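Undergrad: got a predicted structure here, sequence first:
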Amino acid sequence: MTVPLSILDLATIGKGQTAAESFAGSVAIAQLAEELGYRRIWYAEHHNMSSIASSATSVLIAHIAAHTESIRLGAGGVMLPNHSPLTIAEQFGTLETLHPGRIDLGLGRAPGSDQNTLRALRRDPMSSDSFPQDVLELQGYLTGPTRIQGVEATPGKGTDVPLYILGSSLFGARLAAQLGLPYAFASHFAPNALQDAVAIYRREFKPSAQLGAPHVIAGVNVIAADSASEAQEMLQATKRARVSLFFGNGTVFSDDEADMILDSPQGQHLAQMMKYSAVGTPDVVLEYLDAFTAHADADELIVAHQSTGTGARLGSVELLAQVAGLARV
């Protein structure tokens, strides 16, 4: 690989699995990724999703950090409109204080859930409108000076936790460029605006104290297996699981039911979300990722190893590291 490889761990709760088993799997993935030489692992904030266990993102990061030694860990991302900037500064200031030099803070403005869940979160539907100002307020708590006189984050002040803007539209690209922050595009599930967003970000980027030149992280799905047929079976299982996640409303569909939905227009849209996916044997996956790096004009790839089981994800993590030539720690 010509660029660093990182991992987005969705902390998936597989069929018949518990959240505790999901967390144990995330620890195993992080420990293996650290050993194999991946750059960082991020965890995303989602709510009211029965198959995703990363809702308390900062707590999960703390747990993973306590079971690893050197790999960078962070949020990919915290949905800032769901929180006060001060609270997030305190949480990630605490993480950075406990695990210095290892913590990232990716920020998104999407709710990460549905309208009923927004009400349960006590979230103001208009809070995303203040996202740029909230990012600046949060940055002030971490790097100084504070933007609210007399209010400091403890822990947090002076920790200089690096911020990343996450997005899947042109809005996030322009904000990241204006603030001089790294930009991570969610092309692993929202592929359509990837090239336009990256072009705008690079063209409009203004250097900052944190970052002197643009840095683009592009998301991509990966399923690496020993055989092409095994990889395709894992891909189909992943798509079926997504049908239950997005259309099930608490119902888990049978394989036949999920396949029928995947053949429908709604299912085709779901499949389109996984447009950028490297699936197959390690050599095929590597060839795809090399081409995708150029296509996305990316400085770093963050890969979501997709499978319904921890064992298969661990295998994909290792196969990709081997073929990509990552350096073992």
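TA: Sure thing, it's come through.
Undergrad: where does pLDDT dip in the stretch 201-329 of the chain?
TA: 250 (pLDDT under 70).
Undergrad: and the strands in it?
TA: Along the stretch 201-329 of the chain, the stretches classed as strands by DSSP state E, counting those that start in this stretch are 216-224, 277-280, 300-305.
Undergrad: where does the residue nearest the centre of the chain fall, secondary structure wise?
TA: Closest residue to the average C-alpha location of the chain: Gly76 at 3.7 Å, with Cα atoms, centre = their mean. Following DSSP states H and E, one finds Gly76 within strand 72-79.
Undergrad: could you list the residues in contact with that strand?
TA: With Cβ atoms under 8 Å, 6 or more residues apart in numbering as the test, strand 72-79 has contacts from 8, 30, 39-45, 57-58, 61, 64-65, 88, 92, 95, 99, 102-112, 164, 166, 184, 302. Bear in mind the C-beta positions are built from the backbone N, C-alpha and C, glycine included.
Undergrad: which of the residues you listed fall within helices?
TA: By the criterion of DSSP state H, membership of the contacts of strand 72-79 in helices covers 30, 57-58, 61, 64-65, 88, 92, 95.
Undergrad: ok, the residue nearest to Gly158 when sequence neighbours are not counted to Leu138 distance?
TA: For Gly158, ignoring the flanking residues on the chain, the nearest one in space by Cβ to Cβ, 6 or more residues apart in numbering is Gly144 at 6.7 Å. Using Cβ to Cβ, to the nearest Å, Gly144 is found at 12 Å from Leu138.
Undergrad: got the angle for the longest helix seen in the chain vs strand 216-224?
TA: Looking across the chain with DSSP H, the single longest helix is helix 228-247. For helix 228-247 against strand 216-224, the angle by axes from the mean of the first three to the mean of the last three Cα atoms, to 10 degrees is 120 degrees.
Undergrad: now helix 228-247 and strand 300-305, what's the angle there?
TA: Here helix 228-247 runs at an angle of 90 degrees relative to strand 300-305 (the same axes, to 10 degrees).
Undergrad: okay, buried residues for helix 228-247 please.
TA: 230-231, 234-235, 237-245, 247 (16 or more other Cβ atoms under 10 Å).
Undergrad: one more: stretch 177-188?
TA: 177, 179-188.
Undergrad: could you tell me the end-to-end distance of it?
TA: Stretch 177-188 has its terminal residues 21 Å apart, counting by Cα to Cα, to the nearest Å.
Undergrad: stretch 65-85 too?
TA: Using Cα to Cα, the two ends of stretch 65-85 sit 22 Å apart.
Undergrad: likewise for stretch 195-213?
TA: The first-to-last residue distance of stretch 195-213 comes to 18 Å (Cα to Cα).
Undergrad: what sits up against it?
TA: 143, 162-163, 167-170, 172-174, 176-183, 185, 214, 216, 218, 295-298.
Undergrad: quick one: contacts for Ala24?
TA: Thr310.
Undergrad: please read the previous query as pertaining to Phe247.
TA: Phe247 touches 253, 261, 266, counting by Cβ under 8 Å, 6+ apart.
Undergrad: okay, the residues you listed in CSV with neighbour count and distance to Leu286 next?
TA: Below are the contacts of Phe247 laid out as CSV (neighbours: other Cβ atoms under 10 Å; distance: Cβ to Cβ, whole Å):
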residue, neighbour count, distance to Leu286
Phe253, 17, 33
Ile261, 20, 32
Gln266, 12, 33
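Undergrad: distance to Ala209 added to those residues, as TSV?
TA: TSV is the format used below for these (distance: Cβ to Cβ, whole Å):
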residue	distance to Ala209
Phe253	50
Ile261	49
Gln266	46
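Undergrad: go through these and flag which are in helices.
TA: 261, 266.
Undergrad: could you check how far Gln17 is from Asn48?
TA: Gln17 is 18 Å from Asn48, by Cβ to Cβ.
Undergrad: who has more neighbours out of the two?
TA: For Gln17 versus Asn48, neighbours defined as other Cβ atoms under 10 Å are more numerous around Gln17 (17 against 14).
Undergrad: excluding sequence neighbours, find me the nearest residue to Gln178.
TA: Lys206 (6.3 Å).
Undergrad: that older thread, what sits against the closest residue to the residue nearest to the centre of the chain other than its chain neighbours?
TA: Once flanking residues are discounted, Gly76 sits nearest to Trp42: 2.8 Å by Cβ to Cβ, 6+ apart. Each residue near Trp42 by Cβ under 8 Å, 6+ apart is listed here: 6-9, 73-77, 104, 106, 302.
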